[in-house]
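A.B. asks: Could you look at this predicted model? Sequence included:
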Amino acid sequence: MGELESWQDKFEIWWSNNESDDASHDIGHFRRVWKMADKIASKEDANADRLVLLAAAYFHDVVNPPKNSDLRSKASKMAAEKASEILKDMGFPNDKLENTEHAIVAHSFSANIEAKTIEAKILQDADRMESLGAMGIARNMYVAGKMGSAMFHPEDIMAENRDLNDSKYA
């Protein structure tokens with residue numbers, strides 16, 4: 001077993017012992033983000049640090065307040081701090097922690113933090129791609145249901161004559 005597979009096993013075991021109660025940010029989400037990040041890295045930049053990408057993909061949403069929480073814009077910073085604690089406890093290489101933390105902090109759309117490393121850019125893209133397509137629609141509807149949001153505005157479904165409001169409508 002290679003280094004990446006060994007670390008992935010450790011991350012999977014951690015998640016099996018610390019399951020999320022948010023089905024839109026479960027182990028499947030982290031696996032899909034990792035798979036997409038790895039694919040992007042293999043096509044775009046062979047120098048991207050795969051171990052940083054793997055850790056960031058698995059722990060980018062380890063702290064995930066509800067979408068309608070006042071903490072939402074701080075979630076990626078909180079996740080980066082928590083991920084760093086978890087990774088240190090696992091014996092993750094210290095020289096990769098800063099890059100992993102930056103990738104996690106910068107992945108968030110709502111945090112509006114510039115992705116400065118290739119790993120941060122790749123994680124950001126992989127996580128955003130995970131929000132597209134059928135899976136993205138399913139995750140969006142799940143989150144809207146948890147928040148008690150309506151699926152859509154009954155008279156203006158496409159928001160042509162109203163402001164967008166993702167806390168009120170899916």
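C.D. replies: Noted; the coordinates are in hand. Keep in mind that what you see is a predicted model, and the values were worked out from it rather than measured.
A.B. asks: Please count neighbours and contacts with C-alpha atoms only from this point.
C.D. replies: Noted.
A.B. asks: pLDDT of stretch 80-87, averaged?
C.D. replies: For stretch 80-87, mean pLDDT rounds to 97.
A.B. asks: who's in contact with that stretch?
C.D. replies: Phe59, His60, Val62, Val63, Leu97, Thr100, Glu101, His102, Ile104, Val105 (Cα atoms under 8 Å, 6 or more residues apart in numbering).
A.B. asks: so the third one, which of the three states?
C.D. replies: What DSSP: H, G, I helix; E, B strand; the rest coil gives for Val62 is coil.
A.B. asks: how far away is it from Ala79?
C.D. replies: According to Cα to Cα, to the nearest Å, Val62 stands 5 Å off from Ala79.
A.B. asks: Give me the packing partners of the strand or helix carrying Leu51, helices and strands only.
C.D. replies: In the assignment (DSSP states H and E), Leu51 maps to helix 50-59. Using 3 or more Cα pairs under 8 Å, 6 or more residues apart in numbering; DSSP states H and E, the elements in contact with helix 50-59 are helix 3-17, helix 27-44, helix 75-90, helix 97-106, helix 118-129.
A.B. asks: which intervals of this protein have sub-threshold pLDDT?
C.D. replies: 23-24, 66-69, 109-111, 134-136, 138-147, 166 (pLDDT under 70).
A.B. asks: Stretch 112-129: which residues count as buried?
C.D. replies: Of the residues in stretch 112-129, those buried by neighbour count under the rule 16 or more other Cα atoms under 10 Å are Ala115, Ile118, Glu119, Ala120, Lys121, Ile122, Leu123, Gln124, Asp125, Ala126, Asp127, Met129.
A.B. asks: got the CA coordinates for it in CSV?
C.D. replies: The C-alpha atoms that make up stretch 112-129 are tabulated as CSV, following Å, rounded to 0.1, in the frame of the first residue of the first chain:
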residue,chain,number,x,y,z
ASN,A,112,-13.8,35.0,-0.1
ILE,A,113,-10.2,34.2,0.5
GLU,A,114,-7.8,34.0,-2.5
ALA,A,115,-6.4,30.6,-3.3
LYS,A,116,-2.7,31.2,-3.5
THR,A,117,-1.3,27.6,-4.0
ILE,A,118,-2.1,25.1,-6.7
GLU,A,119,-3.5,22.8,-4.0
ALA,A,120,-5.9,25.5,-2.8
LYS,A,121,-7.0,26.3,-6.4
ILE,A,122,-7.6,22.6,-7.1
LEU,A,123,-9.5,21.9,-3.9
GLN,A,124,-11.6,25.0,-4.6
ASP,A,125,-12.5,23.8,-8.1
ALA,A,126,-13.1,20.2,-7.0
ASP,A,127,-15.5,21.3,-4.2
ARG,A,128,-17.4,23.6,-6.5
MET,A,129,-17.7,21.0,-9.2
